[in-house]
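> My questions concern the predicted model and sequence given below.
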Amino acid sequence: NRKWIEQTYKASPERKSLQDWVDNNPSAKTKAEIQSGLAGIMNGWSDTQKKGFSRHMAGLAFDVLPSEDKKLKKAIAELPNLRKFLDEEGGITIWHADFEQK
């Protein structure tokens, strides 16, 4: 899905630069080609830009494969400074937790 970035992340200059790269490089089809192009853009970002694009990049979010274990989900929900918990992210069934920076 070549619009996954646009469909997954909130609007920002960083999202636009990544989506523009994908849109302007239709011949890049392999994971390695796309990874290289996007990494080339992100490598120049400040920590503030990284955090603004994705809390994962700032160490303020993590994803977990869903589990039938209700205790795990409860434990995540009780973590200190939890800001948001999602059962799905970017159209993928994955548990996403992100946190306030304290």
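Okay, I see it.

> could you pull out the strands for this protein?
Ranges of strands in the chain, per DSSP state E, are 61-64, 82-89, 92-99.

> of those strands, which approaches Ser27 most closely?
Closest approach to Ser27 among those is made by strand 92-99 (25.8 Å; C-beta to C-beta). All C-beta atoms are positioned from the backbone trio N, CA, C, and that covers glycine.

> What helices and strands are in contact with the closest one?
Judged by 3 or more C-beta pairs under 8 Å, 6 or more residues apart in numbering; DSSP states H and E, the packing partners of strand 92-99 are strand 61-64, helix 70-77, strand 82-89.

> just these: most buried one?
strand 61-64 (a mean of 15; mean count of other C-beta atoms under 10 Å).

> That one - contacts with which helices or strands?
The contact analysis (3+ C-beta pairs under 8 Å, 6+ apart) places strand 61-64 against strand 92-99.

> And the average pLDDT for the strand it packs on is what?
In this model, strand 92-99 has an average pLDDT of 93.

> hang on, the earlier thing: would you format the helices and strands packed on strand 92-99 as TSV with distance to Asp98 included?
Listed next are the helices and strands packed on strand 92-99 as TSV, based on distance: least, C-beta to C-beta, whole Å:
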stretch	distance to Asp98
strand 61-64	4
helix 70-77	11
strand 82-89	5
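
> Tell me which of the ones you listed sits nearest to Gln19.
Of all these, it is strand 82-89 that lies closest to Gln19, at 17.2 Å by C-beta to C-beta.

> chain center to that closest one: distance?
12 Å (C-alpha atoms, centre = their mean, to the nearest Å).

> And that strand, what does it pack against?
Packed against strand 82-89, as judged by 3+ C-beta pairs under 8 Å, 6+ apart, are the following elements: helix 70-77, strand 92-99.

> tilt between the last one and strand 82-89?
For the pair strand 92-99 and strand 82-89, the angle between their directions (axes from the mean of the first three to the mean of the last three C-alpha atoms, to 10 degrees) equals 170 degrees.
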